[in-house]
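1. how does the following fold in three dimensions:
(2 chains)
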Amino acid sequence: DTEVTQTPKHLVMGMTNKKSLKCEQHMGHRAMYWYKQKAKKPPELMFVYSYEKLSINESVPSRFSPECPNSSLLNLHLHALQPEDSALYLCASSLLTGSSGNTIYFGEGSWLTVV
Amino acid sequence: AQSVAQPEDQVNVAEGNPLTVKCTYSVSGNPYLFWYVQYPNRGLQFLLKYITGDNLVKGSYGFEAEFNKSQTSFHLKKPSALVSDSALYFCAVRGGSGNTGKLIFGQGTTLQVKP
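-> Residues are numbered from 1 along each chain as shown, chains lettered A, B, ... in the order given. Modelled structure (predicted):
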């Protein structure tokens, strides 16, 4: 089973709202990722968690706040977003970050629209 | 620095004909190469990867890819295209000297298979 589950599938939020995206995997993976993808463009890495600790933050604005409550769950808290933050947000996981041969598996994504 | 190039924005092929989606890479050291497919309004699905060993790698849905070290290429191929193969394809690389395990994506190639 190579499944990464993301909720919600679609989210519309105002610029003053606070919302969260959720991600779950039960593959025993200890690396989890958040990516942002604009239409027909490659995904852009936002954050990497390794063993539930934040290991990479790709200079993401503080209005995006990741959280890894345990080895299976990853959240992305959203606050005071801008319309240009509208995108597909992809969660992904892999066995470990240190071994580059490990496959990164992606979820179906959460479509975010900021109005 | 690692990089991946997909020289074609779009590839058009008739159903039943062979298809090739091109990818070249630049990395110092040993590359780990991946192909992902993204169907409309979906997340990324892993197709196949090259780590080491045989230069011809077989993957999901009848796809295969050929690793060519001298030409630094990793082209995706399928002997007989299906209309359902129409999607956005991403080549990606991890590894190499100094790599943090980040997945570096190409810009993507849209495959259009016509009946």
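
2. who's in contact with the residue nearest the centre of chain A?
-> Centroid check for chain A by C-alpha atoms, centre = their mean gives residue A:34 as the closest residue, at 2.7 Å. Listed by C-beta atoms under 8 Å, 6 or more residues apart in numbering or on different chains, the contact partners of residue A:34 are A:23, A:45-47, A:66, A:74, A:76, A:89-92. The way it works is simple: take the backbone N, C-alpha and C, and place the C-beta from them, glycine included.

3. show me those residues that map onto strands.
-> Secondary structure assignment by DSSP state E places A:23, A:45-47, A:66, A:74, A:76, A:89-92 of the contacts of residue A:34 in strands.

4. out of the residues you listed, what pair is the most spread apart?
-> A:23 and A:45 (14.6 Å; C-beta to C-beta).

5. identify the residues contacting the helix or strand where residue A:56 lies?
-> Here residue A:56, judged by DSSP states H and E, is contained in strand A:53-57. The contact list for strand A:53-57 (C-beta under 8 Å, 6+ apart) reads A:45-49, A:66, A:68, A:97, B:100, B:102.

6. so for it, what gets flagged as buried?
-> For strand A:53-57, the neighbour count (16 or more other C-beta atoms under 10 Å in any protein chain shown) marks residue A:56 as buried.

7. that one pairs with which strands?
-> Using DSSP bridges, strand A:53-57 pairs in its sheet with strand A:44-50 (antiparallel).

8. spell out which parts of chain B neighbour chain A.
-> B:32, B:34, B:36, B:41-46, B:49, B:51, B:88, B:90, B:94-96, B:99-103, B:105-108, B:110 (C-beta under 8 Å from any C-beta of the partner chain).

9. give me the subset of these lying in helices.
-> In helices, judged by DSSP state H, none of those are found.

10. which bits of chain A sit near chain B?
-> So chain A meets chain B at A:2, A:4, A:6, A:31, A:40-43, A:45, A:48, A:56, A:88, A:90, A:92, A:97-101, A:103-109, A:111 (C-beta under 8 Å from any C-beta).

11. which of those are buried? Put it as a PyMOL command.
-> Under the burial definition 16+ other C-beta under 10 Å, those of the residues of chain A next to chain B that qualify are selected in PyMOL by:
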select buried, chain A and resi 4+6+31+42+43+45+48+56+88+90+92+97+100+101+103+104+105+106+107+108+109
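
12. can you flag which of the residues of chain A next to chain B belong to strands?
-> Per DSSP E, the residues of chain A next to chain B map to strands at A:4, A:6, A:31, A:45, A:48, A:56, A:88, A:90, A:92, A:105-106, A:111.
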